[in-house]
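*Asks:* Curious how this folds, go ahead:
(one chain, ligands or ions: 2)
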Amino acid sequence: MNRAPDDAHRHARALLDPVHYDYFAGGAGREVALDENERAFRRLALLPRVLRGAASRDTAVTLLGDRSRMPVLVAPTAFHRLAHPEGELATARAAAAAGTVLIASMAATTAIGEITAAARSVRPEAAVWFQLYLQPEPEVTGALVRRAEEAGCTALVVTVDSPVRGRHGRDERHGFHDLPPGLAAENMRDLPGTAPGGAAVRPIAMSSALSWEHVRRLRATTPLPVLLKGVLHPEDARRAVAEGVDGLVVSNHGGRQLDAAPATVEALPRIVEAVAGRLPVLLDGGVRTGCDVAVALALGATAVAVGRPVVWGLAADGERGVRDVLEWFRSDFDQALALCGGARPADLTADLVVRRGGVGSGAW
Ligand SMILES: Cc1cc2nc3c(=O)[nH]c(=O)nc-3n(C[C@H](O)[C@H](O)[C@H](O)COP(=O)(O)O)c2cc1C
Ligand SMILES: O=C(O)C(=O)c1ccccc1
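*Replies:* Ligands and ions are numbered 1, 2, ... in the order given. From the prediction side, this is the model:
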């Protein structure tokens, strides 16, 4: 069967500078979390329901007021111009064409205003969310949030799994630490507090001093919904609900931060239980097929996001490549939903999920 993401991955590997390929593909430490994200999905199976008479299907979901044609979003990934000269502009047009939400990275090589404009040029109501690393200086965070608001972003996704930068062995071996000349993290240009004559592009700071107080401050300064990305402990999920956060992304940063983190699909049930329906719970990490999407939804995710498959599509064939990958996910998820006897995402329930390799029901 023609699998667009696999084709894209093969092409991307052949086309990319090996240093850049390893930047995108790699993970932290011994890459245990990276590998486990995909493997954990393979350890789970779905018990299909039969004869349910679901004549037509609708794969769409609504997330914090934004409609997506499928429960598969584009996860924020940095530096798209390393993958293709059109970079984030191509990704944004493809996500808009596929009718899904793009979560644009703060570490994009294109400014957020240009990204939203590209998405809207394809579909005026296209939704773009902005991924944010809270910066130690409140005025810098504030300026980034204003940029996202002015660009028309409809949610902020605050990444909270990066108190320090992950150590990526592949990058260390290659000595890859900086973008090549001509490329920059454009959202970091001309921010307040830059010393006169200092670098126009600020480095992105990761800070272990961040606390719930910073999230509270952020919520007080923006009307946009705030999601936290990188929550794995159920106590943090409960705290997020209590703090008035609007959504969670269960994520281990694609295995690029804590290498001992669990596979995200294994962490998901406890987060879903802790949240008890009070917030939408998204998941990313290792989602590679429509069946993976169906398993995550059955275990209580409202939607998932895909990171590397989108980068491979972009590297393989620009906007067209990303569109092919996203359309493939829509059709593969529709197929999985149909085979489970479902008509809509909400029909995927936890009783459908069993572990492979066990005897008996093996219910989750
Ligand atoms: C090359 C690359 C760059 C990434 N950059 C960011 C980023 O800037 N901000 C962020 O919150 N997450 C970032 N992530 C993590 C993704 O948002 C996401 O959690 C992860 O890629 C999902 O796993 P998957 O690649 O297996 O689908 C990055 C991941 C990759 C692979
Ligand atoms: O590479 C990453 O995973 C990532 O999150 C990041 C963060 C800041 C700058 C570049 C990439």
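*Asks:* Could you tell me how many residues sit around H233?
*Replies:* For H233, the neighbour count with other Cβ atoms under 10 Å is 12. Placement of C-beta: from N, CA and C, glycine included.
*Asks:* Now do the same contact list for whichever residue of the stretch 201-350 of the chain sits closest to ligand 1.
*Replies:* Nearest residue of the stretch 201-350 of the chain to ligand 1, counting by Cβ to the nearest ligand atom: G307, 2.3 Å away. G307 makes contact with A75, P76, T77, G254, D284, G285, according to Cβ atoms under 8 Å, 6 or more residues apart in numbering.
*Asks:* Now render these as JSON lines, adding pLDDT and neighbour count.
*Replies:* Shown next, in JSON lines, are the contacts of G307 (pLDDT from 0 to 100; neighbours: other Cβ atoms under 10 Å):
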{"residue": "A75", "pLDDT": "99", "neighbour count": "27"}
{"residue": "P76", "pLDDT": "99", "neighbour count": "23"}
{"residue": "T77", "pLDDT": "99", "neighbour count": "24"}
{"residue": "G254", "pLDDT": "99", "neighbour count": "24"}
{"residue": "D284", "pLDDT": "99", "neighbour count": "27"}
{"residue": "G285", "pLDDT": "99", "neighbour count": "34"}
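*Asks:* these two touch, right, V158 and R216?
*Replies:* No. Using Cβ atoms under 8 Å, V158 makes no contact with R216, being 11.8 Å away.
*Asks:* Around ligand 2, pick out the residues from the stretch 1-150 of the chain.
*Replies:* Contact residues, the stretch 1-150 of the chain versus ligand 2 (Cβ under 6 Å from any ligand atom): A78, A107.
*Asks:* Can you list the low-confidence ranges for the stretch 1-150 of the chain?
*Replies:* 1-2 (pLDDT under 70).
*Asks:* Quick one: the strands in it, in order.
*Replies:* Under the criterion DSSP state E, counting those that start in this stretch, the stretch 1-150 of the chain carries strands at the ranges 44-46, 61-63, 66-68, 72-74, 102-104, 128-132.
*Asks:* Within reach of ligand 1, which of the contacts of G307 are there?
*Replies:* By Cβ under 6 Å from any ligand atom, the members of these lying near ligand 1 are A75, P76, T77, G254, D284, G285.
*Asks:* what about the fifth one, distance to A301?
*Replies:* The reference is to D284. Per Cβ to Cβ, to the nearest Å, D284 is found 10 Å from A301.
*Asks:* try the first one
*Replies:* Relative to A301, A75 is positioned 13 Å away (criterion: Cβ to Cβ).
*Asks:* elements contacting the helix ranked longest in the chain?
*Replies:* Scanning the chain for the helix with the most residues, using DSSP state H, yields helix 308-339. Here helix 308-339 touches helix 4-15, helix 18-25, strand 72-74, helix 87-98, helix 290-298, going by 3 or more Cβ pairs under 8 Å, 6 or more residues apart in numbering; DSSP states H and E.
*Asks:* picking that back up, pipe the ones next to ligand 1 among the contacts of G307 into CSV and attach distance to A55 per row.
*Replies:* CSV is the format used below for the ones next to ligand 1 among the contacts of G307 (distance: Cβ to Cβ, whole Å):
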residue, distance to A55
A75, 33
P76, 37
T77, 38
G254, 38
D284, 32
G285, 34
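*Asks:* how far away is the residue nearest to R219 when sequence neighbours are not counted from ligand 2?
*Replies:* For R219, ignoring the flanking residues on the chain, the nearest one in space by Cβ to Cβ, 6 or more residues apart in numbering is V226 at 5.7 Å. Using Cβ to the nearest ligand atom, to the nearest Å, we find V226 at a distance of 18 Å from ligand 2.
*Asks:* Now the phi/psi pair for the residue positioned nearest the centre of the chain, please.
*Replies:* In the chain, the residue lying closest to the centroid (Cα atoms, centre = their mean) is A75, at 2.2 Å. Dihedral pair for A75: phi -70, psi 150, per degrees, to the nearest 10.
*Asks:* surely it meets V310?
*Replies:* Yes. Using Cβ under 8 Å, A75 is in contact with V310, at 7.4 Å.
*Asks:* What segments of this protein are helices?
*Replies:* Under the criterion DSSP H, the chain contains helices at 4-15, 18-25, 32-42, 87-98, 112-122, 138-151, 169-174, 212-221, 234-242, 264-275, 290-298, 308-339.
*Asks:* what would these look like in JSON lines with distance to F130?
*Replies:* Listed next are the helices of the chain as JSON lines, based on distance: least, Cβ to Cβ, whole Å:
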{"stretch": "helix 4-15", "distance to F130": "25"}
{"stretch": "helix 18-25", "distance to F130": "21"}
{"stretch": "helix 32-42", "distance to F130": "24"}
{"stretch": "helix 87-98", "distance to F130": "12"}
{"stretch": "helix 112-122", "distance to F130": "6"}
{"stretch": "helix 138-151", "distance to F130": "4"}
{"stretch": "helix 169-174", "distance to F130": "25"}
{"stretch": "helix 212-221", "distance to F130": "12"}
{"stretch": "helix 234-242", "distance to F130": "18"}
{"stretch": "helix 264-275", "distance to F130": "22"}
{"stretch": "helix 290-298", "distance to F130": "23"}
{"stretch": "helix 308-339", "distance to F130": "17"}
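*Asks:* Throw the ones you listed into a markdown table and include mean neighbour count, thanks.
*Replies:* Output for those, formatted as a markdown table (neighbours: other Cβ atoms under 10 Å):
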| stretch | mean neighbour count |
| --- | --- |
| helix 4-15 | 18 |
| helix 18-25 | 18 |
| helix 32-42 | 20 |
| helix 87-98 | 26 |
| helix 112-122 | 21 |
| helix 138-151 | 17 |
| helix 169-174 | 14 |
| helix 212-221 | 15 |
| helix 234-242 | 17 |
| helix 264-275 | 21 |
| helix 290-298 | 26 |
| helix 308-339 | 23 |
